[in-house]
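J.: Here is a sequence with its predicted model. Questions after.
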Amino acid sequence: IVWNMQYPGAKTFPGMILWAGSTRGPLAVPNNYTATLRYGSDSVSTVFTILKDPRSSATQEDLQAQFDLLIQIRNKITEAHTAIITIRNWNKRLAEISNNLDKEEDSGLVKKVREISGQLSDIEKTLYQTKNRSNQDPLNFPIRLNNKLAALASTVAMGDNRPTDQDYAVRDELFKLTDAQLEKFYKIKKVEIPALNKMFLDAKVPFLKISE
């Protein structure tokens with residue numbers, strides 16, 4: 001059994017392109033760990049220790065602070081990417097439903113579908129640069145919030161060091177901007193989608209399934 005000492009990375013999605021950013025999980029902090037092998041009702045455990053690089057002057061507290069910040073960033077990227085995946089699924093379904101609606105008879109419903117779809121697309125475009133098609137496209141199109149978070153993670157992960165005050169300041173700013181978009185998404189999920197499904201029910205058209 002070989003463990004690379006790396007925690008799981010952030011959730012990603014097909015076709016995602018980032019510039020100088022990483023979605024990898026952080027390395028485990030030097031400490032004592034327990035590995036357990038289970039087979040049915042039987043198990044066997046062993047204790048092992050990850051040692052600190054003897055060339056590093058970082059303290060245990062420094063390395064723990066670095067790990068904690070990287071986990072926070074990873075989790076925020078995952079939350080943003082989960083929203084993007086859901087938005088894409090919803091917009092695909094909304095487009096299918098819209099194409100089957102009578103543009104005159106169901107004009108109110110068509111308008112509502114386009115309105116919600118547009119709001120979802122705006123959220124996605126703020127979280128991710130949707131124009132990216134190749135690894136060089138970020139040279140032409142500005143990176144968005146998820147890429148900025150991933151770039152911050154790459155910076156924080158360099159070497160064995162305590163995060164700087166600037167690292168935390170950038171985290172706070174990016175989290176604030178990201179959370180603002182996620183709040184819009186969660187509001188649509190909680191309020192707008194159920195209301196739209198009721199309109200679908202009244203019009204006797206298929207529901208927009210709320211799933212990721």
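T.: Alright, I've got the coordinates. Small disclaimer: the values here were computed from a predicted structure and weren't measured. Numbering: from 1, shown residues only.
J.: need the strands for the protein, in chain order.
T.: Along the chain, counting by DSSP state E, strands occupy 32-39, 42-49.
J.: which residues touch the first one?
T.: It stands for strand 32-39. Ile1, Trp3, Ser43, Val44, Ser45, Thr46, Val47, Phe48, Thr49, Ile50 (Cβ atoms under 8 Å, 6 or more residues apart in numbering). In this view, the C-beta of every residue, glycine as well, is placed from N, C-alpha and C.
J.: May I have the strands that pair with it, each with its orientation?
T.: Strand 32-39 has its sheet partners listed here by DSSP bridges as strand 42-49 (antiparallel).
J.: got a list of contacts for the partner strand?
T.: With Cβ under 8 Å, 6+ apart as the test, strand 42-49 has contacts from Pro30, Asn31, Asn32, Tyr33, Thr34, Ala35, Thr36, Leu37.
J.: Only the buried residues of stretch 81-90, if you could.
T.: For stretch 81-90, the buried set under the neighbour-count rule, 16 or more other Cβ atoms under 10 Å, comprises His81, Thr82, Ala83, Ile84, Ile85, Thr86, Ile87, Arg88, Trp90.
J.: So, low pLDDT: which residues of this structure?
T.: 104-105, 206-212 (pLDDT under 70).
J.: Show me where it has its helices.
T.: Remark: helices assigned in the chain by DSSP state H are 60-99, 107-127, 145-156, 165-187, 193-202.
J.: And Leu143, how far from Gln72?
T.: Actually, residue 143 is Ile rather than Leu. Note on Ile143: its distance to Gln72, by Cβ to Cβ, to the nearest Å, is 20 Å.
J.: returning to that earlier point: can you put the strands of the chain in JSON lines and add distance to Met199 and mean neighbour count?
T.: JSON lines is the format used below for those (distance: least, Cβ to Cβ, whole Å; neighbours: other Cβ atoms under 10 Å):
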{"stretch": "strand 32-39", "distance to Met199": "50", "mean neighbour count": "9"}
{"stretch": "strand 42-49", "distance to Met199": "53", "mean neighbour count": "8"}
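J.: Mind checking the ones you listed for the one nearest to Ile123?
T.: Nearest to Ile123 among these is strand 32-39 (39.4 Å), distances taken as Cβ to Cβ.
J.: Near Val170, how many other residues are there?
T.: 19 (other Cβ atoms under 10 Å).
J.: Give me the distance between the nearest residue to it once chain neighbours are set aside and Leu139.
T.: In this structure, Val170 finds its nearest non-sequential neighbour in Leu152, 5.5 Å apart by Cβ to Cβ, 6 or more residues apart in numbering. Applying Cβ to Cβ, the value for Leu152 to Leu139 is 20 Å.
J.: Neighbour count: these two, which is higher?
T.: Per other Cβ under 10 Å, whichever of Leu152 and Leu139 has more neighbours is Leu152, with 23 against 8.
J.: still on that earlier bit, for the contacts of strand 42-49, which one is nearest Asp62?
T.: Asp62 lies nearest to Pro30 out of those, by Cβ to Cβ, at 10.9 Å.
J.: so that closest one sits right up against Leu63, yeah?
T.: Yes. Counting by Cβ atoms under 8 Å, Pro30 does reach Leu63; the two are 6.4 Å apart.
J.: shared neighbours of those two, which are they?
T.: Taking Cβ under 8 Å, 6+ apart as the contact definition, Pro30 and Leu63 share the neighbouring residues Lys52.
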